[in-house]
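>>> any chance you can model this:
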Amino acid sequence: MSVDYGRTRGAARPATARQRRLRERQRLGLVVVPVPVSVHVVEILMDLRWLPEQKSEDRSEIGDAVARMLEELAASQRNKV
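Predicted coordinates for the structure are as follows:
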């Protein structure tokens, strides 16, 4: 007898998908860290054009903007050494 758990055939379980994303980040040498960001920082990200105003309440977009800013900062520091 077949049991249907509400998944379509071939769909990954959430835990499997998380594990896959973790392995991909590890392969790329990335880590994910929680970073508290104040409204003031979000405003600065918008002022510096790292974050479009229409995306200023999207946590994922804020995180992406912070990551891009840090990557550029790290690259500029590597060039100084």
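>>> poorly predicted segments of this protein, please.
1-12, 81 (pLDDT under 70).
>>> in it, which helix is the longest?
Within the chain, and with DSSP state H defining each element, the longest helix by residue count is helix 59-80.
>>> which elements pack onto that helix?
Counting contacts by 3 or more C-beta pairs under 8 Å, 6 or more residues apart in numbering; DSSP states H and E, helix 59-80 is packed against helix 39-47. Any C-beta I mention is one placed from the backbone N, CA and C, and that applies to glycine too.
>>> same for the helix it packs on, what does it pack against?
For helix 39-47, the elements it packs on are helix 59-80, judged by 3+ C-beta pairs under 8 Å, 6+ apart.
>>> and the longest helix of the chain with helix 39-47, angle?
Angle, helix 59-80 to helix 39-47, by axes from the mean of the first three to the mean of the last three C-alpha atoms, to 10 degrees: 70 degrees.
>>> pull helix 59-80 out as CSV, backbone CA atoms only.
Presented in CSV, the C-alpha positions along helix 59-80 are these (Å, rounded to 0.1, in the frame of the first residue of the first chain):
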residue,chain,number,x,y,z
ARG,A,59,14.7,40.6,5.3
SER,A,60,16.3,38.6,2.5
GLU,A,61,17.0,41.7,0.4
ILE,A,62,18.5,43.5,3.4
GLY,A,63,20.7,40.5,4.1
ASP,A,64,21.8,40.4,0.4
ALA,A,65,22.6,44.1,0.5
VAL,A,66,24.7,43.7,3.7
ALA,A,67,26.5,40.7,2.2
ARG,A,68,27.3,42.6,-1.1
MET,A,69,28.6,45.6,0.9
LEU,A,70,30.8,43.4,3.0
GLU,A,71,32.2,41.6,0.0
GLU,A,72,33.1,44.9,-1.6
LEU,A,73,34.7,46.1,1.6
ALA,A,74,36.7,42.9,1.8
ALA,A,75,37.8,43.1,-1.8
SER,A,76,38.9,46.7,-1.3
GLN,A,77,41.0,45.7,1.7
ARG,A,78,42.6,42.8,-0.2
ASN,A,79,43.7,45.3,-2.9
LYS,A,80,45.4,47.5,-0.2
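>>> I am finished for the moment; much appreciated.
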